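Undergrad: I would like the atomic coordinates for the input below:
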Amino acid sequence: MIDNKVIITVAPTGAWPSKQDNPNIPLQPKEIAEEVYACWMAGAAVAHIHVRDDNNKSSMNFDKFVETVEYIRATDCDIILNLTTSGQLGLKDEERMKHLIALKPEMASYDCGSMNWMHNSVFENSPRFLEKLGLVMQENSIKPEIEIFDAGMVYNALYYLKKGVLKAPLHFQFVLGAPGGMAATVENLVFLKSLIPEGSTWGALGIGKGHLPIMFTTLALGGHVRVGMEDNIYYARGVLAKSNVEFVERARRLILEADKDIATPDEARIILGLTK
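TA: Residues are numbered from 1 along each chain as shown. Prediction:
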């Protein structure tokens, strides 16, 4: 029964964690691809991809995206690729979308508003950029993953839905616990879920120590889950994760214990309304 299926998204890299934070985090194309493959084998249906430059710094380097995606697509892995549009601050709009037009992933991130990131920089997603991005995604049959860091971003999404920049049914990803965004609390997740339109799909994650409480709440409320070192480099308190696979395997166990089933990539495509 598709209604009982839970999608596991793995976010193996992110823009900020380094090898100094956790030596096991994959940062270059081949190791990212190998980690994605292992997570797919463990039950992940979606991979949210960031890339780094040659110095392992956060980047939107076009060639790194091409290399990473080609490594993944060269295998028998049918995982859904969800490419970030926000891997580096201060870029021109076109630099944040070029890889989408060339690689045509099934999904990409759509960060639905700006905020003070980490309290020391601005995570800018201007109305101009969001309108361009929504239309580019429609033209290339890419499903927006509407990332929500604060409640106002839900209302932005509803505005762009009304304007035709976004198309229903929408898919939301609630990102809780980022400095500058809403805290990773059960109350905040329940509130955010109450704002989205009927018929939407959604998932959630808690950054750092909010990881498990938000996952438990998400499963209780009928959402999908995201795990990985982008959001949390520790498997347990004081214990660094050995790989992203550990997080996927734990999510899998929790989903099954909650009397739900794991969505395969093709089942996730049905749930999300994707065309393979």
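Undergrad: any idea how far the most centrally placed residue in the chain lies from residue 119?
TA: By C-alpha atoms, centre = their mean, the chain has its centre lying nearest to residue 48, at 4.8 Å. Applying C-beta to C-beta, to the nearest Å, the value for residue 48 to residue 119 is 24 Å. Using the backbone N, CA and C atoms, a C-beta is placed for each residue, glycine as well.
Undergrad: number of nearby residues for the closest residue to residue 193 other than its chain neighbours?
TA: In space, and not counting its chain neighbours, residue 193 is closest to residue 221: 5.9 Å by C-beta to C-beta, 6 or more residues apart in numbering. Residues lying near residue 221 (other C-beta atoms under 10 Å) number 13.
Undergrad: start at 42, not 1
TA: Let's use 42 as the start, then, which means that last one is residue 262.
Undergrad: state the phi and psi torsions of residue 262.
TA: The phi and psi values for residue 262, taken as degrees, to the nearest 10, are phi -90, psi 0.
Undergrad: hang on, it packs against residue 233?
TA: No: in this structure residue 262 lies outside contact range of residue 233 using C-beta atoms under 8 Å: 10.3 Å.
Undergrad: where does pLDDT dip in the stretch 192-317 of the chain?
TA: 317 (pLDDT under 70).
Undergrad: how about the helices in it?
TA: Here the stretch 192-317 of the chain has its helices, by DSSP state H, counting those that start in this stretch, at 192-204, 227-236, 252-262, 285-298, 306-313.
Undergrad: hmm, back to that, the residue nearest to residue 234 and residue 121, how far apart?
TA: Look at residue 262 and residue 121: by C-beta to C-beta, they are 22 Å apart.
Undergrad: ok, residue 124 - contacts?
TA: Contact analysis of residue 124 by C-beta atoms under 8 Å, 6 or more residues apart in numbering lists 89, 90, 106, 110, 140, 141, 144, 146, 148, 149, 150.
Undergrad: how deep is the second one tucked in, by neighbour count?
TA: Read it as residue 90. Around residue 90 there are 30 residues (other C-beta under 10 Å).
Undergrad: picking that back up, what sits against the residue nearest to residue 234?
TA: Neighbours of residue 262 in contact, by C-beta under 8 Å, 6+ apart: 230, 231, 234.
Undergrad: which residue sits closest to the first one in space, ignoring its chain neighbours?
TA: Meaning residue 230. Ranked by C-beta to C-beta, 6+ apart and with sequence neighbours excluded, the top spatial neighbour of residue 230 is residue 258, at 5.3 Å.
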